[in-house]
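[1] Dropping the sequence and predicted coords here.
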Amino acid sequence: MFNDIAKFDTKNLFSIIKDSWKQADYGWNKNINLSISGQYSSVMISGLGGSAISGDLLRNFLQNKTKVAITVNRNYTLPSWVDEKTLFIASSYSGNTEETISALKEAISRKCKIVVITTGGAIENLATEHGIDVVKLQEGFQPRYALYNSFFTLLRVFVSLNLAEISDDYVKSLVDMLKECGEIYSREESLAFEIAKNLQGSVPVIYTAADCNDAAGRRFKGQLNENSKVHSWWMDYPEMNHNEIVGWETFSSSSINYKVVNILDKDIHPRVLNRFKIINNLLSDQGVAIINIESNRSTFGERLLECVYLCDWISYYLAILNKKDPGEIDFIHHLKKKMSEV
């Protein structure tokens with residue numbers, strides 16, 4: 001299979017994924033000077049796709065490290081509670097995401113404290129026009145492949161605004177971990193490749209724990225869609241136990257090859273972990289194949305990032321196994337073109 005990488009990976013995304021640690025290092029060590037200050041009642045991060053996932057990841061990562069509520073917005077408009085006491089962060093890698101630009105205009109009208117994170121584009125022009133702080137991202141990536149750039153830049157913004165305390169040494173340990181994992185997962189005999197082979201020909205059903213590691217599940221679903229060109233879905237525990245669980249009663253008569261992927265962590269609430277165990281047994285009795293993904297790193301932040309990174313590799317390898325270009329997103333380009341005409 002590795003001989004097929006050069007054939008299908010036309011943008012050399014293999015190297016970009018392997019070097020994700022460089023993005024992390026760049027994002028964290030970038031010099032950031034912000035003019036805004038003060039107390040915030042809440043933080044709203046507005047973005048789509050990979051730019052929004054960095055906000056989800058931050059929300060999980062800082063769940064026990066910040067006292068401010070973090071919400072991620074994926075829409076043209078803002079909820080009514082967003083006001084001048086809200087820190088609004090507009091995140092658009094391309095700088096031309098129309099939903100995020102629309103939300104930014106609304107945040108300006110509501111007199112929010114604002115930071116824009118981007119590589120440029122229309123959103124930078126709008127921010128400059130209104131005297132808004134702009135934090136520039138490293139250029140040259142597709143948005144979903146810039147996650148580690150976006151996430152560590154966002155984390156640095158939070159630390160700069162005294163919304164969280166994260167040490168340079170801890171971030172260095174995260175960067176070193178990504179570098180180490182890049183060496184491991186880039187090998188054909190890696191866990192990432194084994195799981196990709198296991199998932200080939202299936203519809204992955206991803207389960208995570210709400211408000212703990214849900215960002216990892218949402219990210220994995222999106223990566224399977226964009227990179228691997230497969231359908232997938234994602235749901236959180238314990239909500240899944242109150243509705244979706246019943247859908248599995250018909251698994252034995254389904255013509256679709258569903259496979260469950262649980263992304264687990266030892267910090268998940270003990271009662272929720274019990275639910276995972278019970279459901280695993282129930283689904284196994286129905287003949288459902290189950291893959292459990294879990295990191296054994298010492299800190300939650302390390303474990304969260306390792307699971308996200310592992311799943312990035314899985315989606316990449318599955319694309320190659322499916323004889324698809326992981327960098328091709330023709331349907332998205334088609335939609336954007338048509339939207340520009342209406």
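    Arrived safely.
[2] This structure - how does it break down into domains?
    The record's domain parsing of the chain by the TED database lists 12-166, 187-322.
[3] Straight-line length of the longest one, end to end?
    Yep, that's domain 12-166 we're talking about. Domain 12-166 has an end-to-end distance of 33 Å (Cα to Cα, to the nearest Å).
[4] re earlier: mean neighbour count added to the domains of the chain, as CSV?
    (C-beta placed from N, C-alpha, C; glycine too.) Formatted as CSV, these follow (neighbours: other Cβ atoms under 10 Å):
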stretch, mean neighbour count
domain 12-166, 19
domain 187-322, 18
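[5] what would those look like in TSV with mean pLDDT?
    Converted to TSV, the domains of the chain look like this (pLDDT from 0 to 100):
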stretch	mean pLDDT
domain 12-166	97
domain 187-322	97
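[6] Shouldn't residue 205 be within a strand?
    Yes. The assignment for residue 205, made by DSSP: H, G, I helix; E, B strand; the rest coil, places it in a strand.
[7] rewinding a little: the domains of the chain: which one's closest to residue 180?
    domain 12-166 (8.5 Å; Cβ to Cβ).
[8] residue farthest from the centroid of this protein?
    residue 253 (33.5 Å; Cα atoms, centre = their mean).
[9] Strands of the protein, start to end?
    42-46, 69-73, 86-92, 113-118, 133-136, 203-209, 233-237, 258-264, 289-294 (DSSP state E).
[10] how about the CA coordinates for the first one, as CSV?
    Taking C-alpha atoms only, strand 42-46 is exported to CSV below (Å, rounded to 0.1, in the frame of the first residue of the first chain):
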residue,chain,number,x,y,z
SER,A,42,-17.8,34.1,28.1
VAL,A,43,-15.8,33.2,25.0
MET,A,44,-17.4,32.6,21.6
ILE,A,45,-15.2,31.0,18.9
SER,A,46,-16.7,31.3,15.5
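[11] a markdown table for the strands of the chain, including distance to residue 105?
    Converted to a markdown table, these look like this (distance: least, Cβ to Cβ, whole Å):
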| stretch | distance to residue 105 |
| --- | --- |
| strand 42-46 | 11 |
| strand 69-73 | 13 |
| strand 86-92 | 10 |
| strand 113-118 | 11 |
| strand 133-136 | 16 |
| strand 203-209 | 33 |
| strand 233-237 | 31 |
| strand 258-264 | 36 |
| strand 289-294 | 40 |
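[12] who wins for proximity to residue 333 among those strands?
    strand 86-92 (16.8 Å).
[13] Near residue 172, how many other residues are there?
    14 (other Cβ atoms under 10 Å).
[14] Just the C-alphas of the lengthiest helix in the chain, formatted as CSV.
    Using DSSP state H, we find that the single longest helix of the chain is helix 300-321. The C-alpha coordinates for helix 300-321 follow below in CSV (Å, rounded to 0.1, in the frame of the first residue of the first chain):
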residue,chain,number,x,y,z
PHE,A,300,-5.3,14.5,29.7
GLY,A,301,-4.0,17.1,27.2
GLU,A,302,-1.4,14.6,25.8
ARG,A,303,-4.0,11.8,25.6
LEU,A,304,-6.5,14.1,23.8
LEU,A,305,-4.0,15.3,21.2
GLU,A,306,-2.6,11.8,20.6
CYS,A,307,-6.0,10.4,19.9
VAL,A,308,-6.8,13.3,17.5
TYR,A,309,-3.4,12.8,15.7
LEU,A,310,-3.8,9.0,15.5
CYS,A,311,-7.2,9.5,13.9
ASP,A,312,-5.8,11.9,11.4
TRP,A,313,-3.3,9.2,10.2
ILE,A,314,-6.1,6.6,10.1
SER,A,315,-8.2,8.8,7.8
TYR,A,316,-5.2,9.4,5.6
TYR,A,317,-4.3,5.8,5.2
LEU,A,318,-7.9,4.9,4.6
ALA,A,319,-7.9,7.3,1.7
ILE,A,320,-4.9,5.6,0.1
LEU,A,321,-6.5,2.2,0.7
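[15] Show me where this protein has its helices.
    So, for the chain - with DSSP H - the helices run 5-8, 13-18, 20-29, 49-61, 98-109, 121-129, 147-160, 168-185, 191-199, 214-223, 244-247, 270-285, 300-321, 330-339.
[16] Dump those helices to a markdown table, plus distance to residue 229.
    Shown next, in a markdown table, are those (distance: least, Cβ to Cβ, whole Å):
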| stretch | distance to residue 229 |
| --- | --- |
| helix 5-8 | 11 |
| helix 13-18 | 14 |
| helix 20-29 | 21 |
| helix 49-61 | 16 |
| helix 98-109 | 24 |
| helix 121-129 | 27 |
| helix 147-160 | 19 |
| helix 168-185 | 20 |
| helix 191-199 | 13 |
| helix 214-223 | 11 |
| helix 244-247 | 24 |
| helix 270-285 | 26 |
| helix 300-321 | 7 |
| helix 330-339 | 9 |
